[in-house]
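*Asks:* Compute the structure for the input listed below.
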Amino acid sequence: MQLTLWTYEGPPHVGAMRIAASMKGVHYVLHAPQGDTYADLLFTMIERRSERPPVTYTTFQARDLGGDTAELVKRHVREAAERFQPDALLVGESCTAELIQDQPGALAQGMGLSMPVVNLELPAYSKKENWGASETFYQLVRNLLKPQLPERPEHSATTWQGEGRRPRVNLIGPSLLGFRCRDDVLEVQKLLTMHGIDVAVVAPLGAGVDDILRLPTSDLNVCLYPEVGESTCSWLERNFGMPFTRTVPIGVGATHDFLVEVHGLLGLEPPSPDEGYRRSRLPWYSESVDSTYLTGKRVFIFGDGTHALAAARICKEELGFEVVGLGTYSREMARPVRAAAKALGLEALISDDYLAVEAAMAEAAPELVLGTQMERHSAKRLGLPCAVISTPMHVQDVPARTSPHMGWEGANVIFDDWVHPLMMGLEEHLIGMFRHDFEFVDGHQSHLGHAGGSGAASEAPERDSADRAGHALTWTADGEAELKKIPFFVRGKVRRNAEAYAREVGCKEINSETLYDAKAHYKA
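*Replies:* Numbering: from 1, shown residues only. Alright, predicted model coming up:
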C-alpha cells in the first residue's frame with residue numbers, strides 16, 4: 001500500500017458501490033469503520049445524483065473492536081434487509097475491516113434471508129476499483145443465473161432468424177462513475193437500432209435482478225467496457241454459449257469494425273464501409289486542408305485501458321498525429337496496452353503513480369496530452385493543452401448535455417475535444433511570434449492568460465534546475481531571441497537539449513549558433 005496525494009483508482013469496495021448504485025433493487029451492506037463513508041460523495045458530487053448510493057455501513061468504531069463485531073454485522077444485515085427489502089443483497093468489507101477478518105458475506109449467507117445474498121471477497125491490498133466493479137458484477141450475475149445453467153451450452157446468435165423477430169443484444173459494462181457511460185449507451189442504442197438490432201438489457205447501469213435473469217435470452221452480448229464487463233461476458237460465453245464482441249466503438253474506424261463484428265456474429269449483411277463518412281464529421285476534417293496544420297502533432301496518451309487504446313488508434317489512423325507516449329493505470333489491461341505501444345515503436349507506461357506519469361509526459365515533450373483529470377493538472381503545470389478521455393475525472397467531465405465518446409456522434413465529440421486545444425495552441429504560437437509587433441499592445445494575452453505565449457511557466461523549472469546543478473550556463477540575448485521563435489509547446493525541450501549539448505561540448509555560453517548546432521546534433 002502506498003500513501004499518495006492523488007490516486008487513479010479507489011479500493012475495490014468503491015467498485016462494488018458503483019455496481020450497487022448503478023442497479024435497481026440491489027443493496028450493499030459494507031462492513032467498514034466510520035471514516036470509510038466518504039465514498040458517498042463520489043456519487044452525489046461527481047455524478048450529481050439526487051439520491052445517495054444504496055449502501056448500509058456497519059460503521060464500527062474503536063470501542064467496538066473489543067466486543068463481538070460479527071454480531072454487529074449480522075444486526076446491520078438484518079436491519080438493511082427488513083428496511084430496504086432488496087431483490088438482491090451484496091455483502092462485503094472495506095480495506096480497514098478486512099484486517100478484522102469477520103467475513104461478513106459468509107455470516108450473511110448463513111442468516112436464512114429471503115433474497116439472494118452475494119458474498120463479496122475483494123482483496124483491498126492487492127486489487128483496486130475497476131477490478132472490484134468487475135468482480136462484483138461477475139459474482140452477482142453468476143449467483144443469479146446459477147439455477148438457469150444448461151447442461152450443455154447450445155446457444156446460437158442467429159436464432160432470431162427462425163423465430164421471426166429482430167436480433168437482440170445486451171450492452172454489458174456501463175456503470176456509474178464510468179467515463180460518459182450514460183451518453184455512450186444512448187449513442188450505441190441509437191446506432192444498433194438504425195441497423196435493425198434491438199437492445200434487450202443494459203447492465204449494470206439501470207438494470208434490475210429481473211433484467212439479469214433474462215440476459216441469456218438475447219442473441220449476443222456487446223462488451224462496451226472490458227474493465228467492468230469482460231469477465232461477466234466470458235462467463236456467459238463459457239456457460240451459456242453466448243458470444244460477445246471484442247471491439248469497442250470509439251472512433252470512426254473502431255465503430256465501423258464494431259458494426260462489422262456485430263453483423264457477422266448475428267448473421268446479418270455487413271454495413272456499408274462509407275457510413276462513417278456520412279454520419280461523422282471527423283473523416284471530413286481529416287481529409288481537409290485545415291487538418292494539415294495538425295499533421296504529425298506529438299500526443300501523449302494515458303488513462304484506463306479501453307480509452308487509451310482507442311485514443312492511440314484514433315490519433316494514429318484518423319487524425320495523423322504522432323503518439324509519443326502511451327500508458328495505463330489499469331494493470332488488468334496492461335497486456336493489450338503494451339502490444340499497442342510496441343506497434344507504435346514505444347514502451348508502454350504501466351503505472352498508478354501520477355508523478356511518474358508527469359515525468360514521462362515532460363520527457364516526451366508532447367504538443368497535446370490525452371489523459372485523466374490528473375494529467376490535466378500535470379499538463380497545466382507544463383504549459384500543455386490537454387483533453388480528458390478517461391476516469392478519474394472532475395465534475396466538469398460529466399456534462400449535463402449528451403456528450404458520448406462512442407459511435408458516430410462520439411467521433412464528433414472527440415474531434416471537438418481534441419482538435420480545438422491544438423488550434424488554440426496555434427493561437428498561442430502566433431501571439432508569441434508577433435508579440436514585438438508595434439500593433440500588439442504590450443503584455444497581450446490569449447485566452448490562456450499568463451500561462452500561454454511566453455512559455456515562461458514551462459521554462460523556469462529547467463533554468464532553475466540548471467542553475468542549482470552549478471553548470472553556470474549563460475544564454476546570450478540572440479540565443480534567447482532565437483529560442484522565443486520556437487513554438488511554446490516544444491520550447492522547454494529545445495532549451496533542455498541545447499543546455500545538454502552545451503555541457504557535452506564544454507560551451508559556457510548558448511547563442512543562436514549553439515541552438516542550431518544542438519538541433520543538428522540531436523537530429524543526426
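
*Asks:* center of this structure - which residue?
*Replies:* For the chain, the residue whose C-alpha lies nearest the mean C-alpha position (C-alpha atoms, centre = their mean) is residue 390; its distance is 2.6 Å.

*Asks:* low pLDDT regions in the chain?
*Replies:* Counting by pLDDT under 70, the ranges of the chain that qualify are 1-5, 61-68, 423-471, 487-489, 524.

*Asks:* which residues of it fall in strands?
*Replies:* Counting by DSSP state E, residue ranges of the strands within the chain are 26-31, 55-57, 88-93, 117-119, 168-172, 198-203, 220-223, 298-303, 322-328, 349-350, 368-371, 386-388, 474-475, 509-510.

*Asks:* Leaving out sequence neighbours, find the closest residue to the residue nearest to the centre of the chain.
*Replies:* Nearest residue to residue 390, sequence neighbours excluded (C-beta to C-beta, 6 or more residues apart in numbering): residue 303, at 2.8 Å. Placement of C-beta: from N, CA and C, glycine included.

*Asks:* The one you found contacts residue 311, correct?
*Replies:* Yes. With contact defined as C-beta atoms under 8 Å, residue 303 and residue 311 form a contacting pair (7.2 Å).

*Asks:* Residues that sit against both of those two, list them.
*Replies:* Overlap between the contact sets of residue 303 and residue 311, as judged by C-beta atoms under 8 Å, 6 or more residues apart in numbering, is given by 370, 389.

*Asks:* The residue nearest to residue 189 when sequence neighbours are not counted pairs with what?
*Replies:* In space, and not counting its chain neighbours, residue 189 is closest to residue 199: 5.0 Å by C-beta to C-beta, 6+ apart. According to DSSP bridges, the residues that bridge with residue 199 are residue 169.

*Asks:* thought residue 199 was touching residue 169?
*Replies:* Yes. Residue 199 is within contact range of residue 169, at 6.1 Å (criterion: C-beta under 8 Å).

*Asks:* Mind listing the shared neighbours of these two?
*Replies:* residue 192.

*Asks:* what about those two, which has more around it?
*Replies:* Relative neighbour count places residue 169 above the other of residue 199 and residue 169, with 25 against 17, counting by other C-beta atoms under 10 Å.

*Asks:* Distance check, that one against residue 273.
*Replies:* 22 Å (C-beta to C-beta, to the nearest Å).

*Asks:* count of neighbours near residue 20?
*Replies:* Residue 20 has 27 neighbours, counted by other C-beta under 10 Å.

*Asks:* Could you tell me which residues make contact with it?
*Replies:* When the contact criterion is C-beta under 8 Å, 6+ apart, the partners of residue 20 are 26, 27, 28, 53, 54, 55, 90, 136.

*Asks:* try 10 Å this time
*Replies:* Contact partners of residue 20, counting by C-beta atoms under 10 Å, 6 or more residues apart in numbering, are 26-30, 53-55, 86, 88-90, 92, 120, 133, 136, 140, 175-176, 204.

*Asks:* Quick check: nearest residue in space to it, chain neighbours excluded?
*Replies:* Residue 20 sits nearest to residue 28 (C-beta to C-beta, 6+ apart), 3.9 Å away.

*Asks:* Just grab the bridge partners of that neighbour for me.
*Replies:* Listed beta-bridge partners, residue 28: residue 55, residue 90 (assigned using DSSP bridges).

*Asks:* Correct me if wrong: it contacts residue 13.
*Replies:* Yes. Using C-beta atoms under 10 Å, residue 28 and residue 13 qualify as a contacting pair, with a distance of 8.6 Å.

*Asks:* what sits in contact with each of those two?
*Replies:* Shared contacts of residue 28 and residue 13 (C-beta under 10 Å, 6+ apart): 55, 92, 120, 136.

*Asks:* list the contacts for the third one?
*Replies:* Residue 120 sits next to 12-13, 15-16, 19-20, 28-30, 90-93, 104-105, 132, 135-136, 139-140 when contact means C-beta under 10 Å, 6+ apart.

*Asks:* Give me the nearest residue to it, chain neighbours excluded.
*Replies:* Taking C-beta to C-beta, 6+ apart as the measure, residue 120 lies nearest to residue 92, with 3.4 Å between them; neighbours along the chain are not counted.

*Asks:* residues in contact with that neighbour?
*Replies:* Residues touching residue 92, when contacts are defined by C-beta under 10 Å, 6+ apart, comprise 12-13, 16-17, 20, 28-32, 98, 104-105, 108, 118-122, 124, 132, 135-136, 139.

*Asks:* That one and residue 222: what is the separation?
*Replies:* Applying C-beta to C-beta, the value for residue 92 to residue 222 is 28 Å.

*Asks:* Next: residue 57.
*Replies:* Taking C-beta to C-beta as the criterion, residue 57 is separated from residue 222 by 35 Å.

*Asks:* and if you look at residue 26?
*Replies:* When C-beta to C-beta is the yardstick, residue 26 and residue 222 sit 22 Å from each other.

*Asks:* do the same with residue 310
*Replies:* For residue 310 relative to residue 222 (C-beta to C-beta), the value is 15 Å.

*Asks:* all helices for the stretch 401-524 of the chain, in order.
*Replies:* Per DSSP state H, counting those that start in this stretch, the stretch 401-524 of the chain carries helices over the ranges 407-433, 456-468, 477-484, 488-505, 512-523.

*Asks:* I'd like the distance between the residue nearest to residue 20 and residue 162.
*Replies:* 41 Å.

*Asks:* Just want to know which of the two has more residues nearby.
*Replies:* Looking at residue 28 and residue 162 with other C-beta under 10 Å, you find the greater number of neighbours at residue 28, namely 26 against 8.

*Asks:* Tally up the residues packed near the spatially closest residue to residue 386 that is not a sequence neighbour, please.
*Replies:* Nearest residue to residue 386 in three dimensions, chain neighbours excluded: residue 379, at 3.7 Å (C-beta to C-beta, 6+ apart). By other C-beta under 10 Å, 23 other residues sit near residue 379.

*Asks:* How about residue 484?
*Replies:* Residues within reach of residue 484, counting by other C-beta under 10 Å, total 17.

*Asks:* try residue 501
*Replies:* Using other C-beta under 10 Å, residue 501 has 19 other residues around it.
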